[in-house]
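1. sequence and computational prediction follow.
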Amino acid sequence: MTHPIAIDFKATDFDAILLEKGRVVLIVDPDALTVLQTKIDKSTHGALGRAIKSDAFSVLPQGKSLELSFPVGLLAETLQVVKLAKSVTPLVARRAGGGIGANLSKVSSLISLEDHPHADELTFGAALRAYSFDQHKTKPPAPLGQVKVQANDPEALAAKTASHAALAEGVFFTRDLVNEPANILTTDSFAARLVAMRDLGLEIEILEESQMLALGMHALLGVGQGSESPSKLVVLRWNGGKKENAPLALVGKGVVFDTGGISIKPAGGMEEMTMDMGGAGVVAGVMRSLALRKARANVVGLVGLVENMPDGRAQRPGDIVTSMKGTTIEVINTDAEGRLVLADVLWYAQETYKPHAMINLATLTGAIIVALGHENTGGFSNNTLFYDKLDKAAEAEGEGLWRMPLGDAYDAKLTSRIADIVNSCGRDAGAITAAQFLQRFVKPETPWIHLDIAGTALMKTATDLAPKGATGWGVLALNRMIADHFED
Ligand code: BES
Ligand code: MN
Ligand code: ZN
């Protein structure tokens, strides 16, 4: 499991900066060098000042940086000068921190934050971006050297960073799950990683196939019936709130690999379907963060873990399955499997836990990528008051979220000739009809949000806060929404 980098907090110390052998990082407000930075400028014979006055620096956006190699007067190999005014938003500072975390030295790094108002965000951003997933490389890149952060009040900054650490742990837990291939992250090993979180005080329960059969979860079971790996429904409970408060339910699609089943996908890019458990990964990461920071909230996470494989026993196109709710579903396309899994988990969540609200996350459709690309998750909801809470939290965390419509005309497309509904109804508005399908399994009185993270769970290029690969999208937004609205 990947953990955030360890950071040594130290008091601001000019001599230590001069003696640092690896990388020195300065946060520079171009209009106001600090006294310390002015001294460093003198030590470098004015190189720092010239860099800041250069055209290259003046065209840099806030949060980006310029590097000086082997600067005269310092022992360091590199001096990284980050352009950042004190007046920036916390998010800009977090992203600037990402620019530091992406370039930490194998020797050692010394980041001088003095009394920057967003020193905590700079540190958090650096930690998030410093994630790397290389446990499967026999020759992993050399490990990072010591990371030292100098601040005028190092104790206060260390304390703030500790509260961020629970969040970074949750994000990294999600990223590890999403990056892991399907021969390693099977339904069994996924469940085992969740069970291990009992040590953090989470209550974990696993429903095996026999129990799901008894409950009538034929929609979920049909998806997994072609796989050697057993389907599982894992329930994670964090009861940090008052006993009488109904929980918030978080539901995740956990398809550990999606071949498409008998409606098999083309070979090109199929390897990406190791991330089709991304929704379950986010639920797991949020639950981990809540437990680590001992959130005063009641939250129940439910993940449907299945593998969608073609096989002699696999479900066929044309099959009709009866969901736990009782709705019969004509399986037009076995590749529209996520909604089949969620149908039963959503229904089970409401019947069992009577949640006051419910959010599901799923890498549900390619169509949401056509609509929104990789910049925004598609959000669907039956309750604007509830949706707006998440919308604000996502905005504050810089996690892209864009609301999509629901409506009767879309729902009408689900009509089946021989069953109650179909699981797939063509290309038009594919992300919306998938959401309509899910809504068939949401009680009208349950405030509900569906998040289609097919485009945001994994990125082919690095972002400000994550290397290429799994992003952990949603862990921070959900955690913030819970902190802002659902804690006693
Ligand atoms: N897991 C896929 C959706 C997906 C696509 C996730 C690309 C991430 C990247 C989902 O199970 C799927 O196959 N959806 C189909 C639905 C269709 C058959 C109605 C799709 O989007 O093509
Ligand atoms: Mn599919
Ligand atoms: Zn899928």
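-> On my side now, so go ahead. Ligands and ions are numbered 1, 2, ... in the order given.

2. from here on, just use CA atoms for contacts and neighbour counts.
-> Fine.

3. next, the buried residues of stretch 197-211.
-> If you call a residue buried by 16 or more other CA atoms under 10 Å, then stretch 197-211 has these buried ones: 197, 202-206, 209.

4. no wait, stretch 225-235
-> Buried, per 16+ other CA under 10 Å, within stretch 225-235: 225-227, 229-235.

5. any chance of these in JSON lines with distance to Leu79 as columns?
-> Shown next, in JSON lines, are these (distance: CA to CA, whole Å):
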{"residue": "Gln225", "distance to Leu79": "57"}
{"residue": "Gly226", "distance to Leu79": "56"}
{"residue": "Ser227", "distance to Leu79": "53"}
{"residue": "Ser229", "distance to Leu79": "51"}
{"residue": "Pro230", "distance to Leu79": "53"}
{"residue": "Ser231", "distance to Leu79": "52"}
{"residue": "Lys232", "distance to Leu79": "51"}
{"residue": "Leu233", "distance to Leu79": "51"}
{"residue": "Val234", "distance to Leu79": "48"}
{"residue": "Val235", "distance to Leu79": "49"}
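
6. ligand 2 contacts on this protein?
-> Residues of the chain lying close to ligand 2 by CA under 5 Å from the ion are 260, 335-336.

7. now the closest residue to ligand 2 within the chain, nearest residue through space, not along the chain?
-> As assessed by CA to the ion, ligand 2 sits closest to Asp335 within the chain, at 3.6 Å. Distance criterion CA to CA, 6 or more residues apart in numbering; nearest residue to Asp335, sequence neighbours excluded, is Gly260 at 4.0 Å.

8. quick one, helices of the stretch 201-350 of the chain?
-> 209-215, 218-224, 278-292, 338-353 (DSSP state H, counting those that start in this stretch).

9. right, so those helices: which one is the most enclosed?
-> With neighbours defined as mean count of other CA atoms under 10 Å, these peak in mean count at helix 278-292, which reaches a mean of 29.

10. that one near ligand 1 at all?
-> No: Helix 278-292 does not reach ligand 1 (CA under 6 Å from any ligand atom); its nearest approach is 8.9 Å.

11. quick one: average pLDDT of that helix?
-> Across helix 278-292, pLDDT averages out at 99.

12. likewise stretch 325-344?
-> Stretch 325-344 comes out at a mean pLDDT of 99.

13. the residue lying closest to Ala6 once chain neighbours are set aside: neighbouring residues, count only.
-> Once flanking residues are discounted, Ala6 sits nearest to Val147: 7.1 Å by CA to CA, 6+ apart. Counted by other CA atoms under 10 Å, the residues lying close to Val147 total 22.

14. A strand includes Val147, no?
-> Yes: under DSSP: H, G, I helix; E, B strand; the rest coil, Val147 sits within a strand.

15. and the strands in the stretch 301-450 of the chain?
-> For the stretch 301-450 of the chain, the strands defined by DSSP state E, counting those that start in this stretch occupy 320-322, 328-330, 357-362, 377-381, 401-403, 421-422, 448-452.

16. what would these look like in CSV with distance to ligand 1 and mean neighbour count?
-> Shown next, in CSV, are the strands of the stretch 301-450 of the chain (distance: least, CA to the nearest ligand atom, whole Å; neighbours: other CA atoms under 10 Å):
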stretch, distance to ligand 1, mean neighbour count
strand 320-322, 16, 21
strand 328-330, 13, 22
strand 357-362, 8, 24
strand 377-381, 12, 25
strand 401-403, 16, 19
strand 421-422, 10, 22
strand 448-452, 9, 26
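
17. can you put those in JSON lines and add distance to Leu302?
-> Output for these, formatted as JSON lines (distance: least, CA to CA, whole Å):
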{"stretch": "strand 320-322", "distance to Leu302": "20"}
{"stretch": "strand 328-330", "distance to Leu302": "22"}
{"stretch": "strand 357-362", "distance to Leu302": "9"}
{"stretch": "strand 377-381", "distance to Leu302": "19"}
{"stretch": "strand 401-403", "distance to Leu302": "22"}
{"stretch": "strand 421-422", "distance to Leu302": "24"}
{"stretch": "strand 448-452", "distance to Leu302": "14"}
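
18. if we can go back for a sec, hmm, which two among the buried residues of stretch 225-235 are most spread apart?
-> The most widely separated members of the buried residues of stretch 225-235, counting by CA to CA, are Gly226 and Val235 (23.4 Å).

19. and Val171, helix, strand or coil?
-> Per three-state DSSP, the secondary structure class of Val171 is helix.

20. wouldn't it be in contact with Gly472 here?
-> Yes: taking contacts as CA atoms under 8 Å, Val171 lies within contact range of Gly472: 5.2 Å.

21. give me the common contacts of the two.
-> Taking CA atoms under 8 Å, 6 or more residues apart in numbering as the contact rule, Val171 and Gly472 both touch 282, 285.

22. care to break the protein down by domain?
-> Following the assignment in automatic domain parsing, the chain carries domains at 7-160, 165-485.

23. wait, which of these is closest to Met1?
-> Nearest to Met1 among those is domain 165-485 (6.9 Å), distances taken as CA to CA.

24. and that closest one, how far apart are its ends?
-> End-to-end distance of domain 165-485 (CA to CA, to the nearest Å): 21 Å.

25. how about stretch 376-387?
-> End-to-end distance of stretch 376-387 (CA to CA): 15 Å.

26. what do you get for stretch 49-60?
-> End to end - CA to CA - stretch 49-60 spans 15 Å.

27. can you give the contact residues for that stretch?
-> With CA under 8 Å, 6+ apart as the contact definition, stretch 49-60 has outside contacts at 30, 41, 65-66, 83.

28. ok, the spatially closest residue to Ser43 that is not a sequence neighbour - contacts?
-> Once flanking residues are discounted, Ser43 sits nearest to Gly73: 5.2 Å by CA to CA, 6+ apart. Taking CA under 8 Å, 6+ apart as the criterion, Gly73 is in contact with 18, 43-45.

29. ligand 1 contacts on the stretch 151-300 of the chain?
-> Going by CA under 6 Å from any ligand atom, the residues of the stretch 151-300 of the chain near ligand 1 are 260, 276.

30. ok, the residue of the stretch 151-300 of the chain found nearest ligand 1 - how many residues close by?
-> Of all residues in the stretch 151-300 of the chain, the one sitting closest to ligand 1 is Asp276 (5.3 Å; CA to the nearest ligand atom). Asp276 has 26 neighbouring residues, counting by other CA under 10 Å.

31. can you give me phi and psi for it?
-> The phi/psi pair for Asp276 (degrees, to the nearest 10) reads phi -80, psi 10.

32. got the contact list for it?
-> 178, 253-258, 362-363.

33. related to what we said a few turns ago, any chance of the domains of the chain in TSV, plus distance to Met1?
-> Shown next, in TSV, are the domains of the chain (distance: least, CA to CA, whole Å):
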stretch	distance to Met1
domain 7-160	9
domain 165-485	7
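
34. the residue lying closest to Thr327 once chain neighbours are set aside and Leu414: what is the separation?
-> Distances taken as CA to CA, 6+ apart put Asp420 closest to Thr327, at 6.3 Å, once the chain neighbours are dropped. From Asp420 across to Leu414, the span is 8 Å (CA to CA).
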